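Visitor: Got a predicted structure plus its sequence, pasted below:
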Amino acid sequence: MADVIVVGAGGGGPVVAKELAGRGIDVLLLEAGPRHGRPREEWTHFENDANNPLSGFFRFGPSDRSKPAWFRETPQNSFLWQLSGVGGTTQHYYGNCPRAYPGVFAGYEGPDAGAYDTAHRFPFPYEELVPYYEWVEATLPVQTAAMGTKEERFFRGCETLGIPVQTTKTTTGASYRPQENAILQPGGTAGRTRDPSQLRFPQATGCTFCGHCFQGCMQPIAAPRNLFAKRSTDNSYVPMALTADAWAPEGRPITLVTDAFVTRVHTETRGGRLVATGVTWRDTRTGDTHREDATVVVLAGGCTETPRLWLNSGLPNANGWVGRGYTDHFFDWVIGRFDEDTGNSKGVGSSARCDFPGYGGLENVGLPPALQAFSFTLSDSGIRGHYRNGRGATGPWDGPAGRVIGPELKDVLAGNADKLLNVLVITDDDVEAQNRVTLSALPADAHGPVAKVQFHQRRRTARTLANREFLVRKAVELLRGAGARAVYRLDWAPLILHVQSSMRMGASEADSVLDENAEARGVGRLFVADNSALPNALGGPNPTLTTQALATRTAERIFQRYFDGDPWVATESPVVSTDPRVTERLATVDA
Amino acid sequence: MSPVTPARTVSRRAFLARIGVLGAAAGVGGRLLLGPAASGAPAQVPDALRRLLAELARDTLNGLTTFVVPGPDRYSRAQGTPRSEPGALEAGATDFMIEALDNFVPFPQQVARPVAAALATGLSDLGIELPGNLLDLLPLPLDTLDEALTRLLEGDDAIPLSLVVALLLNLVATQVNPLAVSGPFLSPFARLRFAEKARAFALIEGPDADLVALLDTELPEPLRASVSGLLRFVGGALIEFPAFGAYNERAVYDPGSRTLTGTPVGWTLTGYGGVSDGWDDFRGYYQDRTEVSD
C-alpha cells in the first residue's frame, strides 16, 4: 500500500512524485518503458539508433529493443511521436518553456479577450498559476537561451517583422525573443570548442551546442545526471524524487518501477462516491502482473495512454469527454534555403521564437540530416508538382505546398545540411470534440485494447484554420527577411508531438473530465497530471512548462485534501534540481 | 477446392498479374512453381513462393525508395530520374524498409493476413480486366500458383508486412498503367515512370474507392471501417520512411560497438558535419540579455 501511485514518468508525473516526496509522502512511480539509467552506455547521437520510431532507443515501446514497438491506430496520414521511458517525451524535447498566454485563462479581460478559445478556458486566472510557474522555473531551472548561428539568422528575420522583443516571462503581445529554455546556459569551454577532450565536466558546464537534443541529453561528458544540460525530467525531477531525503527536511525518496505498464485502475464505492483504490500493472519483461493499492492515484501516461487506461478500466465517462478535445497545435512547417551557413545541425533544437497571442507562435528548429529529410516529406498536400491531394495551397512561399521528394529532395538537401532554417508553425488550435482518443477495433495488445487517435485535419474550426494561415505567412516573411533564397511550405499532416487537453480540466461539467483541482469528476482520489489535464492548447506555447506548473499545483491539492497538509508554494522557496545535495545522493542511488 | 471456371481463371489471372506475382514467377521462380509434377514435393511450394515473394517485395521497395531518393541505379533510370550521386539504394534504404516492416512495425497479423488475402485472392469482383494479349504473355499454370499463394496465406507463418506493402503498390501500379504487368524488374511498381509512381500514391492516399472496397472484402467487422484510414496512414509513411532511411546512418552502424564503419551516404550528400559532443557555435546572448523577469 502506497500513499500515492503515479502512473507514468514523463513530463508531468515526476513533478507530482517529487513534490509529494518532498513532503514525506510514500510515492510509487510506475513507468511502462525503460529506465535509461546509463545514457553513455545506452545511447548514441545517431538518428536511426535514437529516433527510429519503431526500433530506436527513443520510441513508444518496451525496453527490449528486439521487440516491436507498441501499436496505436492513427486512421489518417499522421505521425504520433511520443516516447516511453523515464523522462517520457521530455527525453527528446528541446526544453522550450514559454508560459501559456494569459488570454487562455478565466477572467482575462484584455482587448484581445475574444481572440482565444474562449469556450475552453482554464477554470482559474493566469495570476493563480504564476507562483507555480515561478516554482517550476526555479526548480528545473529555466534560463534565457544562448544564441548559436541559427538563432542569429532567425533573429535577423524577426527584426524585419515590425514586432518588439519580449523581455518578460509573461507574453502580452506579438513579439520575438530567445526561448526561455530548461537548458543550462553554456559555461567554461561549452559552446566554445568541438574538441571532446575539452568538453568534459566540470571544464565544460551546461549546453555544449552538440545539436542532439532530439537524441537525448548526456552533456557535458562525465557530468552527474542532474547536471546534464537539458532538464528533461530524467535529469531533473526524477533525480530529485529519488533523493528527496537529501534535500527536503521531511523528504522520503520515491520508489521507481520501470517496465511496468499499468493496465487497470481499480475503484470502489465509499460513502456513495466512486473512488480509486489502486492499479494493476504488467511487467513488460516477464509478463507477470502486480497489484498495488494507494490512497490516491495520479494518471500521467500522456494524452493518448491516459484516456486509453481510463477506458480500459471501465471508469465512468458520463459526458463522453474522456479522450475528446485532443489538441496538437495544428503544426505546419516552413523551410528556408540560404546561401550562407545557418548552423542548422548545431546547438539546442530551438532557442528562438515569435509569439502572436490569439494566433499561436513560431520557433526555429535545427535538425540533423535524416530528420531534415523526413520533415520535407510529411504533408497533407500530396507531392509537389504531381498531385495536391485536394490541397497544395499557393501563397508567398515558392511553389505549391506539398512533399518535396525525388530529384527535388536530392537538390534541396545537397550540401545544405547547414544552409537550411526550419520554422515550426505552432497554431493556437481550438478544443474540438471530434479530435479524440478512442479504443481501436484492431486487435488488442498485451495491455488491452489499443488507442485510436483521430484528427480531422481538414475540418478544424474556422479560427484554427485561419490561425495557421496567418502564422505560415509570418514564417515566410521571417525567412525572407533573414535572407532565404527559397522558401518551402510543407502543409504538414498531423505531427502529434505537442499534445494537450484529451482529459481536460474545465469550469463546465458538460465538457471536461477533471475539476479545477485536476481531480476526476467521476472518480474521487483519481487525478491527472500530464498534458491531457490542460484545459486547452494554451494559445500555442509549448505545453511542458504549463503541465509542470499545473502538476505542482495538483500535488499541493492532493496533499491538502487527502493528507491534511498545508500548501507550500506560496510560503517556501524551491530547491533547484542541480543542488549539490541531489548530486551527492544520486551517486549512491542505483540507477 | 471449388472448380475454377474459365471466366474466374481469367479474373484471378489478371489479378495475380496486377499484384506482380505472375510476372515474378515467370522471371525468377517460375520453374519452382510449374505444378506438383515439375516442382517435386508440394510441401516445398510455399517455401519457394515465399522466397519469390521476398524478391518481389525487395524489387518493389527498390522502386519505392528510389522514387523518394533517386540515385545512379537502374530503378532511378527506369523512372526517368537518374542521378550521378548516391541515392536510396547506396544508402541501404530498402534494407531499412524491409527490416522495419518485417520486424518492428507492431501491426497485428490478425489484420495483415486478411489484408494480404484480400489483395491476393479477392479481386474477382473488381471488374478491371487486363488486355488479353498481356495475359497471353504469362504462360504459367495458374492453378498451381494460385494454390501455392493460398497455402501461404492460409498457413500459420507470419505474413511479412513488406509483402503486403509490395502487393498493394503493385496492384495500384497496374491500375495506373496496365502495361506495367510486364517489362524489366519483377515488380510492376518498379516499372513505372516517376510521374506514374506519384499517381499511384495519389490513389493510395485518396484513397481510391475501388481499393477500399477490395480490402474491405476480407476484413471482418468492425475492422472494415479501418481500411480507408489505414491507407491514408500508409500513403504517408511509405514516403516518409524511405526519406528517413536514405539519410540516416543505419547501413554503416555497428550495434556491437555503437560506432560507424564508414560515412553514411546521407551525411555525404548533405555535407553534414557528423555527430559531436559539442560545437564552437556559441554566439552570445541576444542584446546581451541573460535573464528576464516580469
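Guide: Sure, I can see it. Numbers count the residues shown, from 1 in each chain, chains lettered A, B, ... in the order given.
Visitor: Which of the helices or strands spans the residue in the stretch 101-250 of chain B that chain A sits nearest to?
Guide: The nearest approach of the stretch 101-250 of chain B to chain A comes at residue B:229, 2.3 Å away (C-beta to the nearest C-beta). Quick note: C-beta positions are derived from backbone N, CA and C, even for glycine. Applying DSSP states H and E as the criterion places residue B:229 in helix B:227-247.
Visitor: pLDDT averaged over that helix - what is it?
Guide: For helix B:227-247, mean pLDDT is 93.
Visitor: What score does residue 75 have for pLDDT?
Guide: Went with chain A since none was named. Confidence score, pLDDT, at residue A:75: 92.
Visitor: that's the other chain; I wanted chain B
Guide: 98.
Visitor: for the one 5 residues further on, same thing?
Guide: According to the model's per-residue confidence, residue B:80 sits at a pLDDT of 98.
Visitor: can you check the one 5 residues further on too?
Guide: The predicted local confidence for residue B:85 comes out at a pLDDT of 98.
Visitor: same check, this time on residue B:55
Guide: Reported pLDDT for residue B:55: 88.
Visitor: Quickly find the element holding residue A:392.
Guide: With DSSP H and E as the criterion, residue A:392 is inside neither a helix nor a strand.
Visitor: so what's it up against?
Guide: In this structure, residue A:392 makes contact with A:381, A:382, A:384, A:400, A:401, A:402, A:491, judged by C-beta atoms under 8 Å, 6 or more residues apart in numbering or on different chains.
Visitor: run the last query once more with 7 Å
Guide: Residue A:392 makes contact with A:381, A:382, A:400, A:401, A:402 under the criterion C-beta atoms under 7 Å, 6 or more residues apart in numbering or on different chains.
Visitor: Which one of the residues you listed is nearest to chain B?
Guide: Nearest member of the contacts of residue A:392 to chain B, counting by C-beta to the nearest C-beta, is residue A:382, at 6.4 Å.
Visitor: Any stretches of the stretch 51-200 of chain B with poor pLDDT?
Guide: For the stretch 51-200 of chain B, the stretches with pLDDT under 70 are B:120-151.
Visitor: Might you report the residue contacts of residue 222?
Guide: If you meant another chain, say so; for now it's chain A. Applying C-beta under 7 Å, 6+ apart, the residues near residue A:222 are A:200, A:201.
Visitor: I was after chain B.
Guide: Counting by C-beta under 7 Å, 6+ apart, residue B:222 has contacts residue A:441.
Visitor: Local confidence estimate at it?
Guide: 73.
Visitor: before we move on, what about residue B:210?
Guide: 77.
Visitor: Tell me if I am right that it is in a strand.
Guide: No: counting by DSSP: H, G, I helix; E, B strand; the rest coil, residue B:210 is located in no strand; its state is helix.
Visitor: Would you map the helices across the stretch 301-450 of chain A?
Guide: Assigned by DSSP state H, counting those that start in this stretch, the helices in the stretch 301-450 of chain A fall at A:302-312, A:369-377, A:407-413.
Visitor: quick check, the second one touching chain B?
Guide: This points to helix A:369-377. Yes: applying C-beta under 7 Å from any C-beta of the partner chain, one finds helix A:369-377 touching chain B at A:369, A:370, A:373, A:374, A:376, A:377.
Visitor: Equivalent analysis for the last one, please.
Guide: Yes: using C-beta under 7 Å from any C-beta, helix A:407-413 comes into contact with chain B via A:407, A:409, A:410, A:413.
Visitor: Most neighbours among those residues, which one?
Guide: residue A:413 (26 neighbours; other C-beta atoms under 10 Å in any protein chain shown).
Visitor: since we're on the nearest residue to residue B:84 once chain neighbours are set aside, how many residues are nearby?
Guide: Spatial nearest neighbour of residue B:84, excluding adjacent residues (C-beta to C-beta, 6 or more residues apart in numbering or on different chains): residue B:72 at 6.0 Å. By the measure other C-beta under 10 Å, the count of residues near residue B:72 is 14.
Visitor: Hmm, residue B:72 is touching residue B:83, no?
Guide: Yes: counting by C-beta atoms under 7 Å, residue B:83 is a contact partner of residue B:72 at 5.9 Å.
Visitor: Now the common contact residues for these two.
Guide: In contact with both residue B:72 and residue B:83: no residue, using C-beta under 7 Å, 6+ apart.
Visitor: For the residues of helix A:369-377 next to chain B, work out which two are farthest apart.
Guide: Within the residues of helix A:369-377 next to chain B, two members stand farthest from each other by C-beta to C-beta: A:369 and A:377, at 13.0 Å.
Visitor: which one of the two has more residues nearby?
Guide: residue A:369 (28 against 23).
Visitor: For that one, give its distance to residue A:128.
Guide: Remark: distance between residue A:369 and residue A:128 (C-beta to C-beta, to the nearest Å) = 45 Å.
Visitor: returning to that earlier point: kindly reformat the residues of helix A:369-377 next to chain B as CSV containing pLDDT.
Guide: Formatted as CSV, the residues of helix A:369-377 next to chain B follow (pLDDT from 0 to 100):
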residue, pLDDT
A:369, 98
A:370, 98
A:373, 98
A:374, 98
A:376, 98
A:377, 98
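Visitor: picking that back up, tell me how far the residue of the stretch 101-250 of chain B closest to chain A lies from residue A:445.
Guide: Following C-beta to C-beta, the distance that separates residue B:229 from residue A:445 is 19 Å.
Visitor: give me phi/psi at the residue lying closest to residue A:396 once chain neighbours are set aside?
Guide: Of all residues not flanking residue A:396 in the chain, residue A:476 sits nearest, at 4.7 Å (C-beta to C-beta, 6+ apart). Phi and psi for residue A:476, reported as degrees, to the nearest 10, are phi -60, psi -40.
Visitor: pretty sure residue A:476 contacts residue A:484?
Guide: No: between residue A:476 and residue A:484 there is no contact, the gap being 8.6 Å when judged by C-beta under 7 Å.
Visitor: Just want to know which of the two has more residues nearby.
Guide: Higher neighbour count among residue A:476 and residue A:484: residue A:484, with 26 against 22, using other C-beta under 10 Å.
Visitor: Return the residues in contact with the closest residue to that one other than its chain neighbours.
Guide: Excluding the flanking residues, the one nearest residue A:484 by C-beta to C-beta, 6+ apart is residue A:336, at 3.2 Å. Residue A:336 makes contact with A:420, A:421, A:479, A:482, A:484, A:487, according to C-beta under 7 Å, 6+ apart.
Visitor: Greatest separation within these: which pair is it?
Guide: Maximum distance among the contacts of residue A:336 (C-beta to C-beta): 11.6 Å, for A:420 and A:482.
Visitor: okay, the residue nearest to residue A:484: pLDDT?
Guide: pLDDT, residue A:336: 98.
Visitor: mind checking the SS state of the spatially most central residue of chain B?
Guide: Geometric centre of chain B, nearest residue: residue B:166, 2.9 Å, by C-alpha atoms, centre = their mean. Going by three-state DSSP, the secondary structure assigned to residue B:166 is helix.
Visitor: Was I right to think it contacts residue B:56?
Guide: Yes: look at residue B:166 against residue B:56 with C-beta under 7 Å: they come within range, at 5.8 Å.
Visitor: My read is that residue B:284 contacts residue A:145, right?
Guide: No: Residue B:284 lies out of contact with residue A:145 (C-beta under 7 Å); the separation is 11.3 Å.
Visitor: Tell me how many other residues surround the residue of the stretch 51-200 of chain A found nearest chain B.
Guide: The nearest approach of the stretch 51-200 of chain A to chain B comes at residue A:75, 2.3 Å away (C-beta to the nearest C-beta). By the criterion of other C-beta under 10 Å, residue A:75 has 20 neighbours.
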